[in-house]
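Q: predicted model, plus sequence, below.
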Amino acid sequence: MKRILLALVVACISIVAMSQNVTSPNGRIAVTQDSTGMAISYNGIRLMDIPVVGFENSAVPTVLTLRRTIRENYTMLAGKRLQCSNEANEYMAEMGTDTRMVVRLYNDGIAFRYELSNLNNAMLPQELTTYRIPEGTKRWMQNWTDSYEEFFPLATTARVPPRLSRYEKNSQGWACRWGYPALIEPVDGIFVLISEANIERRQSASCLYNEDELYRVVPAENNLTVSGQWHTPWRTMIIGSLADVVESTLVTDVSEPSQISNTGWIEPGVVSWIYWAYNHGSNDYNIICKYVDMAVTLQLPYVLIDAEWDQMKDGKTVEDAVRYAVERGIKPMIWYNSSIGWVDGAPTPKFRLNNPDDREREFAWCEAIGVAGVKIDFFSGDSQRNMDFCLDLLESAARHHLLVNFHGATIPRGWQRTYPNLLSTEGVYGAEWYNNVPTFTAMAARHNATLPFTRNVIGPMDYTPCTFSDSQHPHITSLAHELALTVLYESGLQHLADKPESYLAQPAEVQRFLGELPSVWDETRLVSGYPGDHAVLARRSGST
């Protein structure tokens, strides 16, 4: 009888321990463990369930115990805020002999990851992390595509068809693969933005696959065998009001500090950009000169020489174009094909950055002739090989004092802190799509009022805003709407995409505004808004 009573007492203690709360420093966000996962609460309101955590064949996590308190201040060179501060309570739970879960509760969200040790030439186990998004919950999510160029339409059900037939769907025909970030409104006025952060070497990025209300984290291809220690990227959830979400720096808070010691050469700025207006690359020296001259008139620091500069007409070369810009005080950037995504039929130059020796030689040449940065395009998804290639590019570019803009690429996941020469990333359904399909015309206004609450929260976004004239397909947004996008959207390199004639025909006040436009912000605040309806942001640069 004593043995039975003792067993009952031990069982009761275990149940109580597994249902304990762990909280953020301000007490607003709490995690409650259950038998297989966690529940997230905000101000006592249960918001989100993560019914399954861990890996295939991993043990149920033990009780989360406080490991340390984090208080951190750091400086960014670009972004929604230059001086960042955060504090968090970090907890840990064992999940077997060599696996543990680390959970950080910040005042504006949660980050958690899994750490593995004593691996011996092992394939990585299958992750099982699953979020529950009940039917009826408002959500703004994009169909996954390797370039992350999609809309974030409002839905209240998981049972929606994919927007394009090529996107993945389940046996019932519903879309089943989703990209980050995913914005959820579980309770009126309280939001959760799901993403991930701090992709490192030997890691792939992930996305969400769902069956009805269960959304599982599925890492992209990673065929490495690993010895020693390894951990996943941070799975992140920004939590609170819309202002809490928009103003959060959680993605960079959990990312590694800068790996670049001397950053004096990294200067964010506004860029004149050729492609949008001419629907072609930069093989015409005279057109490049027009954009350089526009940059001089508007006092923009940069010009981007886009694709096909290796096929310059009329006996000119890209070095002639670079020289023309540098002699007029404009810093040129040039475009490269990554040569791992769209290759067949794609524009040149190709295959110049794939081999380490070729890459070093190419970037050394860029530095020597006065190129300030590179735009690298057409990546092929989120695999471990792609992630390592991006890191190779960032590190090599930094050695040669080159700014980087990734296009046709995955979304930011904190690299903008670790490698501050990464000043912008596309990963957005932006104004370039006026060139491609008629779809964007009718969708643009709602889409533009959704991006401040979704894609731009997690990092810089090269939307290429402020096009007053029409490209292949027309605008129905106002000129004021277009001008507002230059401040509404944060990007360390803000590309103005319209033709020089369009900008130079604007009133003097507009031209002066573009010439004085900051691309670095000391502070960002959401004034008002709702996804897809309207967005009013205030951004401060110095005392302005």
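A: Okay, I see it. Please read all numbers here as calculations on a predicted model, not as lab measurements.
Q: where along the stretch 351-500 of the chain do the strands fall?
A: 373-377, 403-406, 422-425, 493-496 (DSSP state E, counting those that start in this stretch).
Q: which one of the ones you listed lies closest to residue 274?
A: strand 493-496 (9.9 Å; C-beta to C-beta). Any C-beta I mention is one placed from the backbone N, CA and C, and that applies to glycine too.
Q: so what's residue 484 up against?
A: Residues counted as contacts of residue 484 (C-beta atoms under 8 Å, 6 or more residues apart in numbering): none.
Q: what helices or strands is the one helix or strand residue 30 maps to leaning on?
A: Using DSSP states H and E, residue 30 falls within strand 29-33. Where contact means 3 or more C-beta pairs under 8 Å, 6 or more residues apart in numbering; DSSP states H and E, strand 29-33 is packed against strand 21-23, strand 38-42, strand 99-106, strand 109-123.
Q: how about the strands of the stretch 51-200 of the chain, start to end?
A: Using DSSP E, counting those that start in this stretch, the strands of the stretch 51-200 of the chain run over 65-75, 83-94, 99-106, 109-123, 130-132, 138-143, 154-155, 177-187, 190-197.
Q: nearest to residue 525 among the ones you listed would be which one?
A: strand 83-94 (14.5 Å).
Q: so that closest one versus strand 99-106, what angle?
A: 150 degrees (axes from the mean of the first three to the mean of the last three C-alpha atoms, to 10 degrees).
Q: ok, the residue nearest to the spatial centre of the chain - contacts?
A: The residue lying closest to the centre of the chain (C-alpha atoms, centre = their mean) is residue 412, at 2.5 Å. Contact analysis of residue 412 by C-beta under 8 Å, 6+ apart lists 251, 422, 425, 427, 458, 459, 460.
Q: tell me the contacts of the first one?
A: Under the criterion of C-beta under 8 Å, 6+ apart, the contact partners of residue 251 comprise 195, 197, 236, 412, 413, 414, 457, 458, 459.
Q: report how many residues lie close to the second one.
A: Using other C-beta atoms under 10 Å as the criterion, residue 197 is surrounded by 25 other residues.
Q: now the third one
A: Here the number of neighbours of residue 236 (other C-beta under 10 Å) works out to 29.
Q: okay, and it sits in which element?
A: strand 234-240.
Q: next, residue 198: phi, psi?
A: When read as degrees, to the nearest 10, the backbone of residue 198 gives phi 70, psi 60.
Q: as JSON lines, the strands of the stretch 351-500 of the chain with mean pLDDT, distance to residue 94 and mean neighbour count would be great.
A: Below are the strands of the stretch 351-500 of the chain laid out as JSON lines (pLDDT from 0 to 100; distance: least, C-beta to C-beta, whole Å; neighbours: other C-beta atoms under 10 Å):
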{"stretch": "strand 373-377", "mean pLDDT": "98", "distance to residue 94": "41", "mean neighbour count": "24"}
{"stretch": "strand 403-406", "mean pLDDT": "98", "distance to residue 94": "38", "mean neighbour count": "26"}
{"stretch": "strand 422-425", "mean pLDDT": "98", "distance to residue 94": "36", "mean neighbour count": "28"}
{"stretch": "strand 493-496", "mean pLDDT": "98", "distance to residue 94": "44", "mean neighbour count": "28"}
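Q: dump the ones you listed to JSON lines, plus distance to residue 528.
A: Formatted as JSON lines, the strands of the stretch 351-500 of the chain follow (distance: least, C-beta to C-beta, whole Å):
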{"stretch": "strand 373-377", "distance to residue 528": "34"}
{"stretch": "strand 403-406", "distance to residue 528": "31"}
{"stretch": "strand 422-425", "distance to residue 528": "26"}
{"stretch": "strand 493-496", "distance to residue 528": "23"}
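Q: which of those strands sits closest to residue 271?
A: Minimum separation from residue 271 across the strands of the stretch 351-500 of the chain (C-beta to C-beta) falls at strand 493-496, 4.7 Å.
Q: distance between the following helix or strand past the closest one and the chain's centre?
A: Downstream of strand 493-496, the first helix or strand assigned by DSSP H and E is helix 500-504. How far helix 500-504 lies from its chain's middle: 31 Å, per C-alpha atoms, centre = their mean, to the nearest Å.
Q: could you do stretch 221-228 as well?
A: Going by C-alpha atoms, centre = their mean, where stretch 221-228 is centred and where its chain is centred differ by 24 Å.
Q: equivalent analysis for stretch 170-189, please.
A: 18 Å.
Q: how long is it end to end?
A: 31 Å (C-alpha to C-alpha, to the nearest Å).
Q: report the buried residues of that stretch.
A: Of the residues in stretch 170-189, 174-186 count as buried by neighbour count, 16 or more other C-beta atoms under 10 Å.
Q: returning to that earlier point: near the nearest residue to the residue nearest to the centre of the chain once chain neighbours are set aside, how many other residues are there?
A: In this structure, residue 412 finds its nearest non-sequential neighbour in residue 459, 2.6 Å apart by C-beta to C-beta, 6 or more residues apart in numbering. Counted by other C-beta under 10 Å, the residues lying close to residue 459 total 30.
Q: relative to residue 387, how far out is residue 459?
A: From residue 459 over to residue 387 the distance is 15 Å, taken as C-beta to C-beta, to the nearest Å.
Q: mind checking which helix or strand of this structure has the lowest mean pLDDT?
A: Taking mean pLDDT, DSSP states H and E as the measure, helix 2-18 is the helix or strand of the chain with the lowest mean score, a mean of 38.
Q: now the buried residues of stretch 170-189 as CSV including distance to residue 335?
A: What follows is the buried residues of stretch 170-189, written out as CSV (distance: C-beta to C-beta, whole Å):
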residue, distance to residue 335
174, 38
175, 32
176, 35
177, 29
178, 30
179, 24
180, 26
181, 27
182, 31
183, 32
184, 37
185, 39
186, 42
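Q: related to what we said a few turns ago, between the strand holding residue 236 and strand 190-197, how many degrees?
A: 160 degrees.
Q: hey, C-alpha coordinates of strand 234-240 in CSV?
A: Extracted C-alpha coordinates of strand 234-240, given in CSV (Å, rounded to 0.1, in the frame of the first residue of the first chain):
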residue,chain,number,x,y,z
TRP,A,234,15.6,29.5,-33.6
ARG,A,235,11.8,29.0,-34.1
THR,A,236,10.3,32.4,-33.3
MET,A,237,7.0,33.9,-32.4
ILE,A,238,6.5,37.6,-32.0
ILE,A,239,3.5,38.2,-29.7
GLY,A,240,1.4,41.2,-28.7
